[in-house]
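S.K.: I'll drop the sequence and a predicted model, then ask my questions.
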Amino acid sequence: MTQDVLLTGANGFVGRAVSRALLARGDRVTGIVRQPGSAGEGVRTWLSTGKDFVDVEQEWPADLRCDAVIHLAARVHTLKETAADPMAAYRETNVAGTLRVARAARAAGSRRFVFVSSIKAIAERSDGQPLTEHTPAGPSDPYGISKLEAERELCAYGAASGMEIVIVRPPLVYGPGVRANFFSLMNAIARGVPLPLGAIEAQRSLVYVETLADALIHCATDLRAAGQTFHVTDGQDLSVSELARTLARHLHAPARLVRVPPAMLRLAGRLTGRSAQVERLVGELRVDSGRIRSVLGWSAPYTAEQGLRETASWFRATH
């Protein structure tokens, strides 16, 4: 059945993939963006002028009705923090802004709100056991803390208003158009830079952007998803060394991986003030995504191998 879906962050890396998948289904998509002409072909654009959705209820188009909202817009990690109070900045966007959109959508008749949270709302690492939806939450930075607070505020709002809240916690998302650390890794491999990753065997869960988009659409449309929290991954965990070798193969580049013991990398991280970055390389972060499969009967439409191949093909074609 055709759905009317409102998508925040429609012009972002994940947002564009979700828009394409919704349109391919025949759904009608409205994207809230802050830059005109950036939401993609076929998406009705709502140009929002208010930072952190402060005016979203007043700006709501009179003719806009939506069955569901997929909320992707967020304040994410930045390499150079400029906010005087980072925690307050994260809360204003990720907690208050999220609640503003939910309230405005509910007032306009929306029945479901899919909140794209993060596995960082639970933890930065898994320490021997995969993180499940029942793992006690222990976020360690303002981003993760704000995502967890938003989850809890949304659940309370859903209980009070009758709005169906669905929470989705992905780990690192990759695919064509990816930026940040994943892009830097591909760039280094493609240039033949020796990398100290050969001895890193701790596994980390990832999710291909098209797989995440498919899961989000199921969460927006499946009646069984109401009130649920789901982790979404590729279903196959790779170590950083395995990831680098797979990317090198698809990039048609040599995998120049130097076997540096993780303990030495951690020491280098402490000496250079980059412990957090090093830990994201050498620490385990396995995520159990079995619950979405059992509750919704969902399965990942792409394997990790397919996702990495498509990502490397995009990189070779564009860089």
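M.R.: Perfect, thanks for sending it. Numbers count the residues shown, from 1 in each chain.
S.K.: which is the next helix or strand following the helix or strand where E242 lies?
M.R.: If you go by DSSP states H and E, E242 is part of helix 240-251. Counting by DSSP H and E, the next helix or strand C-terminal to helix 240-251 is helix 262-272.
S.K.: Off-centre distance for the next helix-or-strand element following that following helix?
M.R.: The helix or strand immediately downstream of helix 262-272 is helix 275-282, counting by DSSP H and E. What separates the centre of helix 275-282 from the centre of its chain is 19 Å, taken as Cα atoms, centre = their mean, to the nearest Å.
S.K.: Residues touching helix 275-282, excluding its own?
M.R.: Residues from elsewhere that reach helix 275-282 (Cβ atoms under 8 Å, 6 or more residues apart in numbering): E124, R125, N181, L197, I200, A202, V240, P262, L265, R266, A268, G269. Any C-beta I mention is one placed from the backbone N, CA and C, and that applies to glycine too.
S.K.: So, low pLDDT: which residues of the protein?
M.R.: 36-39, 79 (pLDDT under 70).
S.K.: what do you get if the cut-off is 80, keeping everything else the same?
M.R.: When residues are selected by pLDDT under 80, those of the chain lie in 1, 34-40, 47-50, 77-81.
S.K.: buried ones in the longest helix along it?
M.R.: Looking across the chain with DSSP state H, the single longest helix is helix 142-161. Within helix 142-161, the residues that count as buried by 16 or more other Cβ atoms under 10 Å are 142-151, 153-154, 157-158.
S.K.: Just the buried residues of stretch 199-218, please?
M.R.: Residues of stretch 199-218 classed as buried: 199-200, 202-218 (neighbour count, 16+ other Cβ under 10 Å).
S.K.: For the chain, which segments count as helices?
M.R.: Going by DSSP H, the chain shows helices at 13-25, 56-59, 86-90, 98-107, 142-161, 180-190, 209-221, 240-251, 262-272, 275-282, 290-296, 304-318.
S.K.: what sits up against the last one?
M.R.: Read that as helix 304-318. For helix 304-318, the external contacting residues (Cβ under 8 Å, 6+ apart) are 174-178, 182-183, 186-187, 190, 206, 208-211, 234-236, 238, 243, 246-247, 250-252, 302.
S.K.: Buried members of these into PyMOL, please.
M.R.: Buried subset of the contacts of helix 304-318, written as a PyMOL selection, criterion 16+ other Cβ under 10 Å:
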select buried, resi 174+175+176+177+178+182+186+190+206+208+209+210+211+234+235+238+243+246+247+250+251+302
